[in-house]
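Asker: Let me see the structure of the following:
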Amino acid sequence: MKFEAVIGLEVHVQLATASKMFTRVAAGYGEPANTLTDPVVLALPGALPVLNKAALDQIIKAGLILGCSIAPVCKWDRKNYFYPDSPKNYQLSQYDQPICLGGAVEIELPGPARNVMGEHKKIPLTRIHLEEDVGKLTHGAQDTLVDYNRAGTPLMEIVSEPALASADEAYAFLTSLRLALVHGGISDCDMEKGQMRCDANISIRPVGATRLGTKVELKNLNSISFVRDGIAHEIRRQLAVAAAGGTITQETRDYDGQTGTSQSLRSKEMAHDYRYFPDPDLMPVRVDEAWLAALRATIPEHHFDRQRRFMADYQLPYTITSVLVPDRGLADYFEAAARLGAAPQAAANWIANDLRRELAAAKLPLAASKLHPAHIAGLVSLVESGVISSSIAKEVFVAMFQSGEPPAAIVDRLGLRQSTDTGELEKWVSAAIAANPKAVAEFKAGNEKALNPIKGAVMKASAGKANPQRVDELARKLIG
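Answerer: As a prediction, the model looks like this:
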């Protein structure tokens, strides 16, 4: 019997807010243990929660980016369970009235070649709801330490439909989701800092069946690559169990990305095990059209829409857009250069290749660079107008990256303008022809490439300042 995999993801994302979900204490990472706490976070008697509107703004923006329906009213529920990372012994969450319903994440699957766009599809979402994060446990040989700095941080849970069919689709889902949220300013989605965490629900069923199989939840997937690897591992494990005539058990398993193995943690809980009930200390929230309209105005263009626009409007190749678009700052930088009149394809090449190389070598973020879009536009203009050659432009680029000096000023200061003086060019070309009789004979015999050594000799003699087009014309004329 042939089987197929069915996968659903639950993605937890910490929202980028200055303070926590139900108190004004700061939200942050890397502070000394248990310093970002207060009576509300620690659930001391009499401490009452106060809602953080900025967190609601962020989750509504996320819902708008992902095409969700925003509920006109949402409420807060207590999810009851005992675990040492939760000081209240319940988590404030949303159960039957979440803030966002439906929506989808557009994904791109690997293309037939690296330079070809792959298949795009939309993975439907069930819901997105808002809750508070829990603390962090550090397990030692003899004891477990609890740090409540993370507890109470606004946390968004994004639940997909069981509509993913492979580990590669799950990888593409998380990659696209992360870009959408980072570009929207919703979260930094740094998995190393726990800002984005993912659990995967995986089952198998006979091909053609419509009923879902017994699902297994995979936890502790702390990188997008580990999500892909863990899902692939779990699919193989379930197929092996089925092939041996065994039965899949509904459970939660821990995946170790370093060893590529998993182990059972516990049987999987059902929703009723959490004994949800409405929180008596928090009122429901009504979201009106004015609130939605204000947030819609802040939503950036979706990254795939922007990539398609770059390819259509600027005629950029897929490979270049795949470098520019994932980095919103880089894509904005390119569009600024294009608005200043730079030829789009030339500007994109300088940014995607040379600028990124120099930034990486200098270990600088784009925002700290002395090189601005106007520099790129000026350099492209100098090359296109024939003032400098492409090879000289490389030298100018490095100089202006280091100094921030305008490209035209560098060209004049270093005397790099291309020579268009016919007499001077004829001298260089004549000397090159005389020094390369074999190349001349081969060119006369019909070998066009034989002209290259002659042109190369001229460029060397002129220190790159000879106009390549004029050199080509003169060489052909003088050889006859």
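Asker: need the contact list for the spatially most central residue of the chain.
Answerer: Taking C-alpha atoms, centre = their mean, the centroid of the chain lies closest to residue 179, which sits 3.6 Å from it. By C-beta atoms under 8 Å, 6 or more residues apart in numbering, the contact set of residue 179 is 303, 326. For every residue, glycine as well, the C-beta is placed using N, CA and C.
Asker: for residue 294, same thing?
Answerer: By C-beta under 8 Å, 6+ apart, no residues touch residue 294.
Asker: That one - that's part of a helix, no?
Answerer: Yes. Under DSSP: H, G, I helix; E, B strand; the rest coil, residue 294 sits within a helix.
Asker: Quick check, residue 80 in contact with residue 279.
Answerer: No. Using C-beta atoms under 8 Å as the test, residue 80 is too far from residue 279 to be in contact (11.0 Å).
Asker: quick one, which of these two is more surrounded?
Answerer: The neighbour count for residue 80 versus residue 279, taken as other C-beta atoms under 10 Å, is higher for residue 279 (18 against 15).
Asker: Relative to residue 153, how far out is the more buried one?
Answerer: From residue 279 across to residue 153, the span is 18 Å (C-beta to C-beta, to the nearest Å).
Asker: all strands of the stretch 101-250 of the chain, in order?
Answerer: Assigned strands in the stretch 101-250 of the chain, in chain order: 104-108, 120-132, 136-139, 144-147, 154-160, 196-206, 216-221 (criterion: DSSP state E, counting those that start in this stretch).
Asker: Using PDB, write out every CA atom in the fifth one.
Answerer: Included here for strand 154-160 are C-alpha records, laid out as PDB according to Å, rounded to 0.1, in the frame of the first residue of the first chain:
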ATOM      1  CA  PRO A 154       3.300  38.700  23.600                       C
ATOM      2  CA  LEU A 155       3.100  35.400  21.600                       C
ATOM      3  CA  MET A 156       1.300  34.800  18.400                       C
ATOM      4  CA  GLU A 157       0.300  31.200  17.400                       C
ATOM      5  CA  ILE A 158      -0.200  30.600  13.700                       C
ATOM      6  CA  VAL A 159      -2.000  27.300  13.000                       C
ATOM      7  CA  SER A 160      -2.000  25.900   9.500                       C
END
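Asker: Determine the set of other helices and strands touching that strand.
Answerer: For strand 154-160, the elements it packs on are strand 3-14, helix 53-65, strand 120-132, judged by 3 or more C-beta pairs under 8 Å, 6 or more residues apart in numbering; DSSP states H and E.
Asker: any chance of the ones you listed in JSON lines, plus mean pLDDT, mean neighbour count and distance to residue 383?
Answerer: Formatted as JSON lines, the helices and strands packed on strand 154-160 follow (pLDDT from 0 to 100; neighbours: other C-beta atoms under 10 Å; distance: least, C-beta to C-beta, whole Å):
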{"stretch": "strand 3-14", "mean pLDDT": "97", "mean neighbour count": "21", "distance to residue 383": "44"}
{"stretch": "helix 53-65", "mean pLDDT": "98", "mean neighbour count": "21", "distance to residue 383": "38"}
{"stretch": "strand 120-132", "mean pLDDT": "97", "mean neighbour count": "20", "distance to residue 383": "35"}
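Asker: between those, which one is nearest to residue 75?
Answerer: Between residue 75 and these, the tightest spacing by C-beta to C-beta is seen for strand 120-132, at 10.6 Å.
Asker: and that closest one, which strands flank it?
Answerer: Strand 120-132 sits in its sheet next to strand 100-101 (antiparallel), strand 104-108 (antiparallel), strand 154-160 (antiparallel), going by DSSP bridges.
Asker: element containing the closest residue to residue 414 other than its chain neighbours?
Answerer: Take residue 414 and drop its neighbours on the chain: the residue closest to it by C-beta to C-beta, 6 or more residues apart in numbering is residue 399, 7.6 Å away. According to DSSP states H and E, residue 399 maps onto helix 390-403.
Asker: from the middle of its chain, how far away would that helix be?
Answerer: Between the centre of helix 390-403 and the centre of its host chain there is 29 Å, according to C-alpha atoms, centre = their mean, to the nearest Å.
Asker: Then stretch 81-94?
Answerer: The answer for stretch 81-94 is 32 Å, by C-alpha atoms, centre = their mean.
Asker: mind listing what's buried in it?
Answerer: Of the residues in stretch 81-94, 85, 86, 87, 88, 90, 91, 92, 93, 94 count as buried by neighbour count, 16 or more other C-beta atoms under 10 Å.
Asker: for those residues, which one is nearest residue 213?
Answerer: residue 93 (27.4 Å).
Asker: Tell me if I'm right that the closest one and residue 79 touch.
Answerer: Yes. Here residue 93 reaches residue 79: they are 4.7 Å apart, a contact under C-beta under 8 Å.
Asker: Give me the common contacts of those two.
Answerer: Listed as contacting both residue 93 and residue 79 by C-beta under 8 Å, 6+ apart are 131, 276.
Asker: Per-residue confidence at residue 420, what does it come out as?
Answerer: What the model reports for residue 420 is a pLDDT of 64.
Asker: which residues does residue 205 bridge with?
Answerer: residue 4.
Asker: Tell me, how many residues neighbour it?
Answerer: Neighbour count for residue 205, taken as other C-beta under 10 Å: 16.
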